[in-house]
Structures are given as structure tokens and as C-alpha cells.
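Student: 3D, please:
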Amino acid sequence: MNALVVTEWSRDFGLRSQLQRAAVSIMSNIAEGFERKRSTEFHQFLSTAKASCAEVRSQLYVALDAGYLNQGEFSQLLAQAEEVGRIIGSLRASVRKDGL
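Tutor: Numbering: from 1, shown residues only. Reported below is the predicted structural model:
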């Protein structure tokens, strides 16, 4: 990335903050749902975590379109976010099936 793009990304507090909050929300919802000790509540919190993962993916597209990420960085981050979404989806299915 050139210095101008790095500077723009570092100054886009709104997008950076929203991306960070969505990422933190993923693990926070998993932890909170697990702590509830009821499969129905855990499943609901996993659904919320999966939705936050979708929000992260969406924001990565915004960052790419704004030129804050190059294609390589975007692809790597998107692949990681998609993997997290798959893991959460599998955990949701397991919780629903087994009732925790």
C-alpha cells in the first residue's frame, strides 16, 4: 500500500471502529451464549455471532472498494472470515442437534 492509502485507512475511524466492533462481537456472543448453559440460548447467540461474521465480510468489501486493502489482503481476510462463519455454522448445527 502507498502512504496515502494507509493514511486514509488510519483516518477512517468509522469503518475501522465498526469492523473492530463486529469482530469482537463474534467471540463475545459465543462466550456469552456458552455461559448461559442452555442450548436454545447458546444457539441464538451463535446465530448473532454468525451475523456479526457476515457484517465483517461486508465491511471488508467496503475497505477493498475504498482502496484501504489490496486484493491479496482482502482475499486473505475474507477467507478467514468465511472460515469463522463455517465453524460457527457447524457449531450451531451441532448445538441444535444435540441440545448441547
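
Student: from here on, contacts and neighbour counts on C-alpha atoms
Tutor: Fine.

Student: any low-confidence regions in the protein?
Tutor: 1-7, 9, 99-100 (pLDDT under 70).

Student: now Ser39: how far from Lys97?
Tutor: Distance of Ser39 to Lys97, computed by Cα to Cα, to the nearest Å: 10 Å.

Student: ok, Pro88 - contacts?
Tutor: Careful, residue 88 is Ile and not Pro. Counting by Cα atoms under 8 Å, 6 or more residues apart in numbering, Ile88 touches 46, 49-50.

Student: Repeat that for Leu60.
Tutor: 74, 77-78.

Student: next one: Lys50
Tutor: 26, 85, 88-89.

Student: Among those residues, which one has the most neighbours?
Tutor: Using other Cα atoms under 10 Å as the neighbour test, these are led by Ile26, with 25 neighbours.

Student: Looks like it contacts Ala54 (just checking).
Tutor: No: contact criterion Cα atoms under 8 Å: Ile26 and Ala54 do not qualify, at 9.9 Å.

Student: For the two, list the residues in contact with both.
Tutor: By Cα under 8 Å, 6+ apart, no residue touches both Ile26 and Ala54.

Student: Next, the residue lying closest to Met27 once chain neighbours are set aside: secondary structure please.
Tutor: Leaving out its chain neighbours, the residue that sits closest to Met27 by Cα to Cα, 6 or more residues apart in numbering is Ala49, at 7.1 Å. What DSSP: H, G, I helix; E, B strand; the rest coil gives for Ala49 is helix.

Student: From Arg21, how far out is Ala49?
Tutor: Relative to Arg21, and taking Cα to Cα, Ala49 is found at 12 Å.

Student: for Ala63, same thing?
Tutor: Using Cα to Cα, we find Ala63 at a distance of 15 Å from Arg21.

Student: Neighbour count for these two, which is higher?
Tutor: When Ala63 is set against Arg21 and neighbours are counted by other Cα under 10 Å, the residue ahead is Ala63, at 19 against 14.
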